[in-house]
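Student: Model the following, please.
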Amino acid sequence: MKRIFYGIGIVMAVVNACVAEEKKPNVVVIFLDDSGYGDFKPFGDPAYATPEVEKLAKQGMRLNQFYVPQGICSASRAALLSGCYPGRTKVFSAHGPGGRGLEPKFMTMAEMLKKHGYSTGHFGKWHCGDQAETRPLARGFDEHAGLMYSNDMWRFHPVSPKHWGKKPLQYWENGKVKIEDVSKKDQESLTKWATDYSVDFIKRNKEKPFFLYLAHSMPHVPLFCSKEFQGKSGKGLYGDVIMEIDWSVGQVNNALKEAGVERDTLVIFSSDNGPWAAYGERAGVTPFREAKATSFDGGTRSATVFKYPAKVKAGSVLDKAICSIDLLPTVAHLTGAKLPTNEIDGKNIWKMLGGRGDAENPHAYYAFTTGRNLECIVSGDGKWKLHKPHGYRHVVEGGKGGMPGRQAGKKIEWALFDLENDPEEKVNLFEKEKEVAARLKKLIEGHQQKF
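Tutor: Model prediction:
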């Protein structure tokens, strides 16, 4: 009889193990605004401490060549949530108050996961639509609190565009305006509020699968942080803001651990684009060429961490090119959710993220735009980058005290760069590597015909 019960116990243990293994993973996306590639260790070596992002990287996989398809706010966020290129959704650049944003015909990651039984929450900056049909609660989120667009789109902006400069900046909570006119004092709490909402969301939803989209308004100018972090870095306001964001990452990480769901939670940490270099001392740093609002790597390559303790080896590194449009189909694969019925551009790259060293990128290339204009592509293996002739903004001198500096318009002709040996895009090999250039030009032509 004892042997029978012992045998049953073994069977039940195996069954329980299988059930645990098949548990739907939680998904947490932490998306910063205008953060530089070198703002956090281990990607850069800032003069202030960022222990929580360092810890996150040690616990997961560091993605050294992670791209967004356009280095500007709304376009980047819509691409992340929809798995589509800006050319498909027609969400370009950054919309202002009342902007349409991402059309409802394009399913978001939140809608996809909600249909799959997930609780969904978004806290922080939205910037994917400021109309009834395009705000968070209409796009798959059960809960939301934060700004509908960038924190500089308010009446205190020193150089506000006429179409939104005098409008109040509103803070929303679950479909209603909580603060009609956000003050400078309120801005000091934006990072803390988004963090507190996120931690509370994790605690309340630990017994069921959840999707948390924490999209910080910082370090986009104007810069603000809570009193606890003012002056803490000793390196100016930008360092203080980054240290508070780092603290926020730690709060979310600890909440997952305390809730007992850390092992089965996928955490993605990244930024919507590179630093807004025009603001000089109040902008981040990048080792790559140019910055935000350009298609050079300084504008489109973001420091990224992919943590999933159940399936991703701690301390691992991926040096291959991948893009934010791939996150939706990859999350669908990991969660078992059904892909959107609308056409998407991203592909499942789990083989690359899951530790398959020999796994190749399923994409032949990634395309990069500024506004509506296709400007360059990166080969699927991440080695080559081809720019077609286009203009771009170059920062001549960074600003001080929250004011933008001097910029000048420049132009680049056909240019081929070897990103493996020249990630700063300095040496033009267009004439020397003619076969590679011809192959990539055909890919550009094909992409332009599609979009």
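Student: where in the stretch 351-451 of the chain is pLDDT low?
Tutor: The model of the stretch 351-451 of the chain has pLDDT under 70 over residues 356-357.
Student: Output the lowest mean pLDDT helix or strand found in the protein.
Tutor: The helix or strand of the chain with the poorest confidence is helix 2-21; it has a mean of 44 (mean pLDDT, DSSP states H and E).
Student: how many other residues sit next to the closest residue to F451 other than its chain neighbours?
Tutor: If the residues on either side of it in the chain are set aside, F451 comes closest to G87, at 3.4 Å by C-beta to C-beta, 6 or more residues apart in numbering. For every residue, glycine as well, the C-beta is placed using N, CA and C. The burial metric for G87, expressed as a neighbour count using other C-beta atoms under 10 Å, is 22.
Student: And for S189?
Tutor: Using other C-beta under 10 Å, S189 is surrounded by 16 other residues.
Student: about what we covered before: just after the least confident helix or strand of the chain, pick out the following helix or strand.
Tutor: strand 26-32 (DSSP states H and E).
Student: From the chain's centroid, how far away is that next one?
Tutor: Here the centre of strand 26-32 is set off from its chain's centre by 8 Å, with C-alpha atoms, centre = their mean, to the nearest Å.
Student: Does anything pack onto that strand? Which helices or strands?
Tutor: Strand 26-32 makes packing contacts with helix 73-82, helix 109-114, strand 210-215, helix 237-258, strand 265-271, helix 327-335 when contacts are defined by 3 or more C-beta pairs under 8 Å, 6 or more residues apart in numbering; DSSP states H and E.
Student: how far off strand 265-271 does the longest one point, in degrees?
Tutor: Following axes from the mean of the first three to the mean of the last three C-alpha atoms, to 10 degrees, one obtains 170 degrees for the angle between helix 237-258 and strand 265-271.
Student: Use 651 as the first number from now on
Tutor: Sounds good: first residue 651 from here, last item helix 887-908.
Student: what packs against helix 887-908?
Tutor: With contacts defined as 3+ C-beta pairs under 8 Å, 6+ apart, the secondary structure elements packing on helix 887-908 are strand 676-682, helix 701-709, helix 840-854, strand 860-865, strand 915-921.
Student: Nearest to N801, out of the ones you listed?
Tutor: Each of the helices and strands packed on helix 887-908 has some distance to N801 by C-beta to C-beta; the shortest is helix 840-854, at 6.7 Å.
Student: Could you figure out how far that closest one is turned away from strand 915-921?
Tutor: Direction vectors for helix 840-854 and strand 915-921, defined by the same axes, to 10 degrees, enclose an angle of 170 degrees.
Student: I'd like the distance from helix 840-854 to the chain centre, please.
Tutor: Taking C-alpha atoms, centre = their mean, the mean C-alpha location of helix 840-854 is offset from the chain mean by 18 Å.
Student: same for that helix, what does it pack against?
Tutor: Using 3+ C-beta pairs under 8 Å, 6+ apart, the elements in contact with helix 840-854 are strand 769-775, strand 793-797, strand 860-865, helix 887-908.
Student: Need the ones you listed in CSV (columns: mean pLDDT and mean neighbour count).
Tutor: Shown next, in CSV, are the helices and strands packed on helix 840-854 (pLDDT from 0 to 100; neighbours: other C-beta atoms under 10 Å):
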stretch, mean pLDDT, mean neighbour count
strand 769-775, 99, 26
strand 793-797, 98, 22
strand 860-865, 99, 26
helix 887-908, 98, 22
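Student: nearest to G748, of those?
Tutor: In terms of C-beta to C-beta, the element of the helices and strands packed on helix 840-854 nearest to G748 is strand 793-797, at 13.6 Å.
Student: Domains in this protein, by residue range?
Tutor: 674-1010, 1017-1100 (automatic domain parsing).
Student: Pick the most deeply packed of the ones you listed.
Tutor: domain 674-1010 (a mean of 21; mean count of other C-beta atoms under 10 Å).
Student: chain center to that one: distance?
Tutor: A distance of 4 Å separates the centroid of the chain from that of domain 674-1010, by C-alpha atoms, centre = their mean.
Student: Span of that domain from start to end?
Tutor: Distance between the two ends of domain 674-1010: 26 Å, counting by C-alpha to C-alpha, to the nearest Å.
Student: again, but for stretch 821-832
Tutor: Between where stretch 821-832 begins and where it ends, there is a gap of 7 Å, by C-alpha to C-alpha.
Student: Which residues does the helix or strand the residue nearest to F1101 falls within contact?
Tutor: Remark: G737 resides in helix 736-739, with elements defined by DSSP H and E. Judged by C-beta atoms under 8 Å, 6 or more residues apart in numbering, the contacts made with helix 736-739 from elsewhere in the structure are 719-720, 725, 728-729, 732, 742, 752-753, 756, 993, 995, 1017, 1019, 1022, 1024, 1100-1101.
Student: Apply 6 Å and report the result again.
Tutor: Applying C-beta atoms under 6 Å, 6 or more residues apart in numbering, the contact partners of helix 736-739 are Q720, A725, A728, S732, F742, L752, F756, T1019, F1101.
Student: go on, stretch 827-836?
Tutor: Outside stretch 827-836, the residues that reach it (C-beta under 6 Å, 6+ apart) are P818, L819, Q820, Y821.
Student: Pick the one among those residues closest to A928.
Tutor: Closest approach to A928 among those (C-beta to C-beta): L819, at 20.8 Å.
Student: can you give me the strands in the stretch 951-1100 of the chain?
Tutor: Remark: strands assigned in the stretch 951-1100 of the chain by DSSP state E, counting those that start in this stretch are 951-957, 966-968, 972-973, 1015-1020, 1023-1029, 1034-1037, 1040-1047, 1056-1062, 1065-1068.
Student: Tabulate those (CSV), appending distance to G779.
Tutor: As requested, the strands of the stretch 951-1100 of the chain are exported to CSV (distance: least, C-beta to C-beta, whole Å):
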stretch, distance to G779
strand 951-957, 22
strand 966-968, 32
strand 972-973, 22
strand 1015-1020, 19
strand 1023-1029, 22
strand 1034-1037, 31
strand 1040-1047, 26
strand 1056-1062, 29
strand 1065-1068, 35
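Student: who wins for proximity to I895 among those?
Tutor: I895 sits nearest to strand 951-957 of all the strands of the stretch 951-1100 of the chain, at 12.1 Å, using C-beta to C-beta.
Student: All set now, cheers.
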